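1. all I have is the shape, not the residue letters:
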């Protein structure tokens, strides 16, 4: 799929358009906004540009360490750096059991979930036997031994929660 640079640019533009047009056609909610808080490495509060209350969103397709887990603070800081002062394009596809919108979020052409996994701050979210949507990014991060993947004892957040419970206190 190589070709002239302008053709790569056209392909990228079409892909970005498709990422945002297809979910809308399927009933997803799309908006732009800015992060108002980042409580951990896969959750953020986003204030829509159109106003209203900030919304708690979880990055769909990744699982970052719990905030009290080894690597949790670093994951939060990495996500904070990615969203700082940036305009976010949000596609909310569904909601989790905690009422958070499950969203694909982009800063420009950068998928935040992919960036978090690629930098070794999160795992591709596994479901049953699926390695998850960011399996390639995780494989590359493991091979490069970056972030969490530099530590052979790094524990999946789900396993950590089973052994220690949640880090969050009820409000």
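-> Cool, got the structure. None of the values given here were measured: they were computed from a predicted structure.

2. can you show me the helices along the protein?
-> 5-25, 72-83, 112-118, 135-144, 157-164 (DSSP state H).

3. now the longest one: mean pLDDT?
-> Translated: helix 5-25. Averaging pLDDT along helix 5-25 yields 57.

4. repeat that for the fourth one.
-> Per-residue pLDDT values over helix 135-144 give a mean of 97.

5. what residues of that helix count as buried?
-> Across helix 135-144, burial judged by 16 or more other C-beta atoms under 10 Å covers 137, 138, 141, 142. In this view, the C-beta of every residue, glycine as well, is placed from N, C-alpha and C.

6. closest to residue 165 out of those residues?
-> Nearest to residue 165 out of the buried residues of helix 135-144 is residue 138 (C-beta to C-beta; 25.5 Å).

7. so which bits of stretch 50-69 are buried?
-> Buried-residue list, stretch 50-69, by 16+ other C-beta under 10 Å: 55-67, 69.

8. hmm, back to that, distance to residue 111 added to the buried residues of helix 135-144, as CSV?
-> Converted to CSV, these look like this (distance: C-beta to C-beta, whole Å):
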residue, distance to residue 111
137, 9
138, 14
141, 14
142, 19
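
9. would you mind measuring from the residue positioned nearest the centre of the chain to residue 133?
-> In the chain, the centroid-proximal residue (C-alpha atoms, centre = their mean) is residue 113; its distance is 2.9 Å. Distance of residue 113 to residue 133, computed by C-beta to C-beta, to the nearest Å: 7 Å.
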